[in-house]
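>>> just the structure for this:
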Amino acid sequence: MGTNTAIFHSSFLRRSLNPHSPSPSPCVSNLIKLNCREECWRTVSMQQQPLKGSVKPRALPGAEKANGAHSEEEEAEDDEALQSSSYSPPSPSSAIDFLTLCQMLKTTKRTGWVNHGIQNAESIADHMYRMAAMALIVADASGINRDRCVKMAIVHDIAEAIVGDITPSDGIPKEEKSRREREALDEMCRVLGGGVRAAEIRELWNEYENNSSPEANMVKDFDKVELILQALEYETEHGKILDEFFESTTGKFQTDVGKAWAAEILARRSKRIDHACKEQYHS
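Residues are numbered from 1 along each chain as shown. Now for the predicted structure:
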């Protein structure tokens, strides 16, 4: 999928999650399912034609649900899927549809860096990968399931495949951001075909979103550590000062690991700044 195609696709999906946007045509609805051929992304005339063989789209949960909360029936289905002893994996069609949707995570750049003029900024997938690597190498700790941390790191921003990287600069309240992402997650789980894997993804995402476990505490810290490490790397590479990213995480680390890794990054930044100042003084 080319750059223009990815931008076109992302904009359609974001509008589809806007409760104030007009009702999409059948083809636009099916864009979420990703069974449109690439020509459909580019050809406006095809938007009014229903797609042969595509899965019938389900309406996204309505905005009237507070913060996108699930119904009791949906939560019961998730619990039943997770506890079921018989596991039916996603069909090849559902798996490829889901993985194709995840492609947007590879091509969507993180908004904060783009807004600061960083060329070739990291993608959402880049960010999640390094967080997963953090969970892979972190020391064992009592009460922490490292494998679960790896999974949570991979899942925590997965809804951004549909809604994109929403930041405070977009002027969207936190509650609205959460609602949009929850709706997007529901759609991705539907694309996957439901079942135990979709239920696991939903459970991991909710756990992270609610910061409701030791693993979520750890992965929340990895999110901040990755942010300031990337900020330091961009400062070094581009000669910029990115204070706001460091300030946004000050005093917010919850775990000893997060605090220690953040302190190391800040020490390296301080050393780099001191070195730059000395060079400037002697020049």
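>>> next one: residue 276, what pLDDT does it get?
We have a pLDDT of 78 for residue 276.
>>> in the helix or strand where residue 184 lies, what counts as buried?
Following DSSP states H and E, one finds residue 184 within helix 174-191. Within helix 174-191, the residues scored as buried using 16 or more other C-beta atoms under 10 Å are 176-191. Just so you know, the C-beta spots here come from the backbone N, C-alpha and C atoms, and that holds for glycine as well.
>>> for it, which helices and strands make contact with it?
Under the contact definition 3 or more C-beta pairs under 8 Å, 6 or more residues apart in numbering; DSSP states H and E, helix 174-191 sits against helix 92-107, helix 160-163, helix 195-210.
>>> which one of those is the most hemmed in?
Greatest average neighbour count among the helices and strands packed on helix 174-191 goes to helix 160-163 (a mean of 25), per mean count of other C-beta atoms under 10 Å.
>>> which elements pack onto that one?
Partner elements for helix 160-163 (3+ C-beta pairs under 8 Å, 6+ apart): helix 3-16, helix 92-107, helix 174-191.
>>> what about the stretch 101-250 of the chain, any weak spots by pLDDT?
Within the stretch 101-250 of the chain, not a single segment meets pLDDT under 70.
>>> got the contact list for residue 269?
Under the criterion of C-beta atoms under 8 Å, 6 or more residues apart in numbering, the neighbours of residue 269 are 232, 235, 246.
>>> which of the residues you listed sits closest to residue 210?
Of all these, residue 210 sits closest to residue 246, with 26.0 Å by C-beta to C-beta.
>>> element containing that closest one?
Using DSSP H and E, residue 246 maps to helix 243-247.
>>> residues making contact with that helix?
Contacts with helix 243-247, where a contact means C-beta under 8 Å, 6+ apart, come from 112, 227, 228, 231, 266, 269.
>>> nearest to residue 97, out of the buried residues of helix 174-191: which one, please.
Minimum distance to residue 97 across the buried residues of helix 174-191 is 5.1 Å, recorded for residue 191 (C-beta to C-beta).
>>> quick revisit: how about the contacts of helix 243-247, which pair is most distant?
So, those by C-beta to C-beta: farthest apart are 112 and 266, at 18.4 Å.
>>> show me which of these two is the more surrounded one.
Taking neighbours as other C-beta atoms under 10 Å, residue 112 and residue 266 compare with residue 112 leading, 21 against 15.
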